[in-house]
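# need a 3D model of the following:
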Amino acid sequence: MQKGTKNKLMLLFSFALAVAVIIALSIRDKQASTTISEQDREFPRFVAQDLLDEGELINLADITKDQYQLVNVWASWCGICRTEHEYLNQLKKQGVPIIGINYRDNKQDAMSVLINDGNPFNKIIYDHNGDLSIELGVIGTPETYLIDHSGKVILKISGVIDSEVWNKSLKKYFQGS
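Residues are numbered from 1 along each chain as shown. Down below sits the predicted model:
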């Protein structure tokens, strides 16, 4: 191999490695930047299609049957959503009611995530155009809202829900779960 070609390959490899490190650090920083804000507003009234059953419509009364529930906005194309997915599965196993809003997604891709990674949701609203999410105030995925049985939004969590976020901000609402 010629010296010039070898140097170009080393330069290209170094550049690719640097890009990979930058991407990995930015993903880690995004995951670490979960913010929690108190809310005092009503969840929007809506009627939407169920992701798993095209013939079923979901409304606010269908998702507020428990004293408290989490409403998680996610998408198959959202890598950070995939990071929190396993933790949401653990919460479901503990009896925590979680409603999903599948945001601006391809239905088949969303179904593949649920088949491959498990379904942590009691119901999943298919928000293909993002109308409900926009009305709710979603600015990125994942976002999770703590709502009570009357439809009041209590907390908004922007970023990943993990054990630290759960223990610090959410667990007290689900002590009986």
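# so how far is the one helix or strand Asn89 maps to from its chain's centroid?
For Asn89, the enclosing helix or strand under DSSP states H and E is helix 79-93. Its chain's average C-alpha position is 8 Å from that of helix 79-93, according to CA atoms, centre = their mean, to the nearest Å.
# buried set for that helix?
Neighbour-count burial for helix 79-93 flags 80-85, 87-88, 91-92 (criterion: 16 or more other CB atoms under 10 Å). In short, each C-beta sits where N, CA and C put it, glycine included.
# again with stretch 130-137
130, 132-133, 136.
# show me where this structure has helices.
Secondary structure of the chain (DSSP state H): helices at 3-32, 60-63, 79-93, 107-117, 131-136, 163-165.
# care to break this protein down by domain?
1-33, 36-174 (automatic domain parsing).
# of these, which stretch is the most buried?
domain 36-174 (a mean of 17; mean count of other CB atoms under 10 Å).
# low-confidence ranges in the protein?
Applying pLDDT under 70 to the chain flags the ranges 1, 9-32, 176-177.
# swap in 50 and give it another go.
29-31 (pLDDT under 50).
# okay, which residue of it is out on the far edge from center?
Of all residues in the chain, Gln2 has its C-alpha farthest from the mean position, at 50.0 Å, by CA atoms, centre = their mean.
# which residues does Tyr145 form a beta bridge with?
Beta-bridge partners recorded for Tyr145 (DSSP bridges): Val71, Lys156.
# typed the wrong thing, it's Asn59
Val47.
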